[in-house]
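this is the structure alone, sequence omitted:
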Ligand code: ATP
Ligand code: LTN
């Protein structure tokens, strides 16, 4: 790859569950928007995914499904480095080192760990606890400037910055301290069935989210049956979490602000609003789904993208590991 002076951007999604509209609005949309003027690395974080049990056959299939969806959503693998985390061994190597510079107390305070370990009370793995350290390694390996994520990942980004600063203070400038990019609208899309909890691909109820590959009639039915607040007005506000969430999806997909949406539906009820929103989502998904089906059928091209991506990522991350090992006092192998 030629010398690139654009800021380095890195992000990833776990290949678990189904990619859904929350991932698009909180992450993928911004990856695509920032792609032209950043030097981008986009990952499929399979090492992160195994912090909860995965079916091996499904995980294998899903990595390619997600890759095809990244491309269908607008990630251009000829401009950006797209790779699978487990193909690049430096991630696990740096994660081990960073584990030795992260405190149990810090990891115990992570909201995602608290939520996921509560759901899974028995046999909470050390991997689930250490998850944010691997994420810090992902980011720091590439000297990333910018990390676009949804709101729920902000705390992990703050921990990454703390780990980087701690290491730099002890050993001298080693890691760039990254910045977090959180979109102003769409950073936290809520469940369609419970507007007090985040829309999540690991939700056992598929009616709580719209998957990027849901067929049109299923999208219509999920939006029609989405819970609403008491009252009938299409007005944004903290006291109306359900309709505000639907308005956020509407606004993110159309670019219309909340006052314009309120004006358009003045005097109309939730049913009209939901019917229009359903069509907006269906029309938004249609070209993504068409592109997806074309791309997903070309397995050799998908494999080639990942091979190129892994080679580039390994070459770019090796110098950081070498620098870290040297600073720590590890002797060189040759
Ligand atoms: P899981 O529930 O399987 O742990 P998840 O649905 O939270 O996963 P991740 O792989 O953890 O998905 O998230 C990938 C990216 O999508 C992250 O940047 C995350 O912040 C963003 N994201 C996930 N859910 C939402 C949401 N409901 N709204 C906005 N962004 C989201
Ligand atoms: N933990 C993130 C996924 C992730 C990530 C990263 C995001 C793993 N490594 C590095 C940005 C940068 C999540 O969304 N659950």
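On my side now, so go ahead. Just so it is clear, the model here is predicted, and its values are computed rather than measured. Numbers count the residues shown, from 1 in each chain. Ligands and ions are numbered 1, 2, ... in the order given.

now do whichever residue of the stretch 201-334 of the chain sits closest to ligand 1 against residue 44, distance only.
The stretch 201-334 of the chain approaches ligand 1 most closely through residue 202 (3.5 Å), counting by C-beta to the nearest ligand atom. All C-beta atoms are positioned from the backbone trio N, CA, C, and that covers glycine. Residue 202 sits 16 Å away from residue 44, going by C-beta to C-beta, to the nearest Å.

who has more neighbours, the two?
Taking neighbours as other C-beta atoms under 10 Å, residue 202 and residue 44 compare with residue 44 leading, 26 against 11.

enumerate every residue touching that one.
12-15, 63, 66-67, 83-85 (C-beta atoms under 8 Å, 6 or more residues apart in numbering).

farthest-apart pair in the residues you listed, please.
14 and 83 (14.3 Å; C-beta to C-beta).

so for those two, which sits in the more crowded spot?
Between residue 14 and residue 83, counted using other C-beta under 10 Å, residue 83 has the larger neighbour count: 26 against 23.

what pLDDT does that one get?
Per-residue confidence for residue 83 comes out at a pLDDT of 98.

ok, now which ones touch it?
Applying C-beta under 8 Å, 6+ apart to residue 83 gives the contacts 41-44, 306, 309-310, 312-313.

which sections of the stretch 101-250 of the chain are below the confidence cut-off?
Within the stretch 101-250 of the chain, not a single segment meets pLDDT under 70.

check it for the residue nearest ligand 1 and tell me.
For the stretch 101-250 of the chain, C-beta to the nearest ligand atom, closest residue to ligand 1: residue 150, 2.5 Å.

surely that residue meets residue 185?
No: the pair residue 150 / residue 185 is not scored as a contact, 11.7 Å apart, by C-beta atoms under 8 Å.

and those two? Which one has more around it.
Neighbours of residue 150 and residue 185, each counted by other C-beta under 10 Å, are more numerous for residue 150; the result is 20 against 15.

for that one, which non-adjacent residue is spatially closest?
In this structure, residue 150 finds its nearest non-sequential neighbour in residue 26, 3.0 Å apart by C-beta to C-beta, 6 or more residues apart in numbering.

quick one: contacts for that neighbour?
Residue 26 is in contact with 149-151, 183, 186-189, counting by C-beta under 8 Å, 6+ apart.

likewise for residue 75?
28, 31-32, 35, 42, 82.

so it is in which element?
Residue 75 belongs to no helix or strand when assigned by DSSP states H and E.

please shift the residue numbers so they start at 30 in all later answers.
Understood, numbering begins at 30; the last thing we discussed is residue 104.

per-residue confidence for it?
Residue 104 is assigned a pLDDT of 98 by the prediction.

now residue 30
So residue 30 comes in at 47 (pLDDT).

for residue 197, which non-adjacent residue is spatially closest?
The nearest residue in space to residue 197 (C-beta to C-beta, 6+ apart) is residue 203, at 5.6 Å.

tally of neighbours for residue 122?
18.

separation between it and ligand 2?
15 Å (C-beta to the nearest ligand atom, to the nearest Å).

was I right about that residue contacting residue 349?
No: applying C-beta under 8 Å, one finds residue 122 not in contact with residue 349, separated by 9.9 Å.

and the contacts of residue 73 near ligand 1, which?
42-43 (C-beta under 6 Å from any ligand atom).

restricted to strands, list the contacts of residue 73.
41-42, 112-113 (DSSP state E).

narrow the residues you listed to those that are buried.
41-42, 112-113 (16 or more other C-beta atoms under 10 Å).

now do the contacts for the closest residue in space to residue 241 that isn't next to it in sequence.
In this structure, residue 241 finds its nearest non-sequential neighbour in residue 48, 4.9 Å apart by C-beta to C-beta, 6+ apart. By C-beta under 8 Å, 6+ apart, the contact set of residue 48 is 42, 57, 94-95, 98, 230, 240-242.

which of those ranks first by neighbour count?
The residue in the contacts of residue 48 with the most neighbours, by other C-beta under 10 Å, is residue 98 (26 neighbours).

doesn't residue 241 make contact with it?
Yes: the criterion here is C-beta under 8 Å, and residue 98 meets it with residue 241 at 5.9 Å.
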